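Colleague: Predicted structure and sequence below. I'll ask about it afterward.
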Amino acid sequence: MDQVELENLSVYKKMHLIFLEVFERSTINLKTETTPVDIAEWDSLRNVTLMTAIEERFQVEFTIEELSSLKNVGNLAKVLESKVKK
C-alpha cells in the first residue's frame with residue numbers, strides 16, 4: 001500500500017475485506033491506484049455490488065457525483081474517509 005495516512009488504514013483494511021468478498025477471491029493486491037482494469041471480474045454489475053456493500057458496511061451513502069468522480073481505489077478511500085468522519 002502506498003503511504004496511506006494512519007487514519008485511513010482502517011478504511012483500507014475494511015475495503016480490502018469487502019473487495020475479497022465481492023470478487024469472491026482469497027487474495028487481491030489492492031493498491032491506491034487499483035482500477036477496474038486491474039481486476040478481471042470488476043464489471044459494471046460487480047461495481048454496483050461493491051459500492052452497495054461498501055455503503056452498507058460503512059453506513060454511508062454515495063452521491064451520483066461522488067460515484068462518477070471515482071477513478072481508483074485511492075479516490076474511493078478518500079471519499080469514504082471523508083464520509084466516515086462526518
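Modeller: Now that the structure is in, tell me what you want to look at.
Colleague: Please count neighbours and contacts with C-alpha atoms only from this point.
Modeller: Will do.
Colleague: Can you list the low-confidence ranges for the protein?
Modeller: Along the chain, the model assigns pLDDT under 70 to residues 1-9, 86.
Colleague: Swap in 90 and give it another go.
Modeller: 1-12, 84-86 (pLDDT under 90).
Colleague: I figured W42 was touching P36, is that so?
Modeller: Yes - W42 is in contact with P36 according to Cα atoms under 8 Å; the separation is 5.2 Å.
Colleague: Comparing these two, which shows the higher neighbour count?
Modeller: More crowded of W42 and P36, by other Cα atoms under 10 Å: W42, with 18 against 15.
Colleague: now that one: how far from E33?
Modeller: Counting by Cα to Cα, to the nearest Å, the gap between W42 and E33 amounts to 15 Å.
Colleague: buried ones in the longest helix seen in the chain?
Modeller: Among the elements of the chain assigned as helix by DSSP state H, the one spanning the most residues is helix 6-22. Taking 16 or more other Cα atoms under 10 Å as the basis for neighbour counts, the residues of helix 6-22 that come out buried are V11, Y12, M15, H16, I18, F19, V22.
Colleague: Just list the residues touching the third one, thanks.
Modeller: By Cα atoms under 8 Å, 6 or more residues apart in numbering, the residues touching M15 are I54.
Colleague: Which parts of this protein are strands?
Modeller: Assignment of strands within the chain using DSSP state E yields no ranges at all.
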